[in-house]
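Participant: here you go, sequence then predicted model.
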Amino acid sequence: MVLSLPDGNDGTAPTRQPPPNGEELWKMYTDFLQVKNKLEKSCMEKEELLHLAQQALAEEQAKRETAEKEKQLLEEKYTQLQQRVEALETVFQESMAQMRKETERERDLRKQNEKFQRLETQIKTMSGNKLKIDYTSKTTENSYREDTSEPSCWSLICELLRQLISLVAKLFSCI
């Protein structure tokens, strides 16, 4: 807001001579012009300061908005990474469970194989190598050959062995 009064010299005290009877009035007029010039200068400085403050506020607002956008992007990225981690944990847990099952299955198969080998060893030691087992042909009753020197015990053992081998064959055919 600028007031304009005719002063004749662009804001400086007037140079014309006051009338002799209005000297006091003239002094008040020049004082008023000086106050007016100071007020105009003060208003311009305030407007400039206000403009600078508005610019700084606008820059600060832009920085806040940029920081908020970056924060939102980082939160989205964090959420995506969190989901990936959870998915990887799930896959890991499933893989570990599957590996445990496989390990347990292999352990059971090894135990069964060891039992089978022990039985086979016991059969060989009990028969004194008199009983021969043919693994290449199908399991039939004619696959076994018995030494007839001890017919009573051997016939029972042979029958039990046939049943055992057929059960083992069924077991391995299922696996």
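Facilitator: Received, thanks.

Participant: what packs against the helix ranked longest in the chain?
Facilitator: Ranked by number of residues, the top helix in the chain under DSSP state H is helix 23-127. If contacts are counted by 3 or more C-beta pairs under 8 Å, 6 or more residues apart in numbering; DSSP states H and E, helix 23-127 sits against helix 151-174. For glycine as for every other residue, the C-beta is placed from the backbone atoms N, C-alpha and C.

Participant: let's see it at 10 Å
Facilitator: Helices and strands touching helix 23-127, by 3 or more C-beta pairs under 10 Å, 6 or more residues apart in numbering; DSSP states H and E, are strand 132-133, helix 151-174.

Participant: now do the buried residues in the longest one.
Facilitator: Read it as helix 151-174. 154, 157, 158, 161, 162, 165, 168 (16 or more other C-beta atoms under 10 Å).

Participant: where does the chain have low pLDDT?
Facilitator: Applying pLDDT under 70 to the chain flags the ranges 1-21, 127-154, 175.

Participant: how about residue 74, what does it touch?
Facilitator: Applying C-beta atoms under 10 Å, 6 or more residues apart in numbering to residue 74 gives no contacts.

Participant: distance of it relative to residue 61?
Facilitator: 20 Å (C-beta to C-beta, to the nearest Å).

Participant: same check, this time on residue 43
Facilitator: Applying C-beta to C-beta to residue 43 and residue 61 gives a distance of 26 Å.

Participant: cool, and residue 81?
Facilitator: In terms of C-beta to C-beta, residue 81 sits 30 Å off from residue 61.

Participant: same check, this time on residue 91
Facilitator: Distance from residue 91 to residue 61, counting by C-beta to C-beta: 45 Å.

Participant: cool, and residue 171?
Facilitator: With distances taken as C-beta to C-beta, residue 171 is found 78 Å from residue 61.
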